[in-house]
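Asks: just a sequence and a predicted model for now, questions to come.
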Amino acid sequence: MATSDLKKILIQREDIASFSYSFLVGKDDAPGIVVIQEWWGVDFEIKNHAVKISQLAPGYKALIPDLYRGKVGLDAAEAQHLMDGLDWPGAVKDIQASVNWLKANGLPKVGVTGYCMGGALTIASSVLVSGIDAGVAFYGVPPPQLADPAEIKVPIQAHFGELDNIVGFSDIKAAKALEEKLKVSGTPYEVHVYPGVTHAFMNTSPEGSARRKGMGMVDDNEAAADLAWSRFQSWMNRYLSV
């Protein structure tokens, strides 16, 4: 299965008349997972992740909501501009609509995962979105005005790189602060920190690796990504099995 297998669909939010383009891949009878984009938008790497998720045993149906409505950042400056302009509460509503769509189409269990900006939105959704059964967040914590991780309502797993230098968002201090919040949430949780790797360590495709190196991330991250995928699979299998 390749990214060309992604099917473009339309999902309507209940609060507005417009539609959100989304991308769908995977088995029809499998549990659903909403896959939330990095700051780049719905580009090759988030599609790679969705296809990978759909192929993990026992199989999942992965749905990517396009939070930027078709826009994609071609460099870091443009991606930063797009993320700065994001309506974060609106993005949470897009995720709610995606969860609702999966459940309305016969999927009794739905998880949420995301990377960077999408990791922060995964945690926020685990507080604010109804119908989620589990979440896995990669290197991102939401701003406190959007969501308080101490109020998370579903089992959550989080992954961070030890050398991540995005202060207050995904660095080691942010990871430890998140863990302290999760301790008081009363929900099952895991926080994993991977030695010797920086931000976006899950991006191991040739294009993703080249982009990371162009941004100064020269760590060898494949072993960390493989371990994180294994932990992701175990977590989702535990909480999304029907």
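Replies: Received it, and whenever you're ready, just let me know what you need.

Asks: without its sequence neighbours, what residue ends up closest to residue 97?
Replies: Using CB to CB, 6 or more residues apart in numbering and skipping residues adjacent in sequence, the residue nearest residue 97 is residue 13, 4.6 Å away. Every residue, glycine included, has its C-beta placed from N, CA and C.

Asks: cool, and residue 202?
Replies: Spatially, and ignoring its direct neighbours in sequence, residue 202 is nearest to residue 225 (5.1 Å; CB to CB, 6+ apart).

Asks: then residue 174?
Replies: Using CB to CB, 6+ apart, the closest residue to residue 174 is residue 141 (5.0 Å).

Asks: same check on residue 118?
Replies: Nearest to residue 118 is residue 36, by CB to CB, 6+ apart, at 3.2 Å.

Asks: point out where this structure drops to low pLDDT.
Replies: The model of the chain has pLDDT under 70 over residues 1, 17-19, 242.

Asks: for the strand ranked longest in the chain, list the C-alpha coordinates in PDB.
Replies: When the chain is scanned for its longest strand (criterion: DSSP state E), the result is strand 19-26. What follows is strand 19-26, C-alpha atoms only, in PDB (Å, rounded to 0.1, in the frame of the first residue of the first chain):
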ATOM      1  CA  PHE A  19     -16.200  21.100   4.500                       C
ATOM      2  CA  SER A  20     -12.800  19.800   5.500                       C
ATOM      3  CA  TYR A  21     -10.900  17.800   3.000                       C
ATOM      4  CA  SER A  22      -9.500  14.600   4.500                       C
ATOM      5  CA  PHE A  23      -7.500  11.600   3.400                       C
ATOM      6  CA  LEU A  24      -8.500   8.000   4.200                       C
ATOM      7  CA  VAL A  25      -6.600   4.700   3.900                       C
ATOM      8  CA  GLY A  26      -6.900   1.300   5.400                       C
END
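
Asks: now it: buried residues?
Replies: 20-26 (16 or more other CB atoms under 10 Å).

Asks: equivalent analysis for stretch 95-114, please.
Replies: Neighbour-count burial for stretch 95-114, counted by 16+ other CB under 10 Å, picks out 95-103, 107, 109-114.

Asks: and if you look at stretch 125-137?
Replies: 125-129, 132-137.

Asks: inside strands: which ones of those residues?
Replies: Per DSSP E, these map to strands at 134-137.

Asks: who's in contact with stretch 38-48?
Replies: Identification of contacts with stretch 38-48 by CB atoms under 8 Å, 6 or more residues apart in numbering yields 3, 6, 23, 35, 37, 64, 66-68, 71-73, 79-80, 82-83, 115-118, 200, 203, 205, 207-208.
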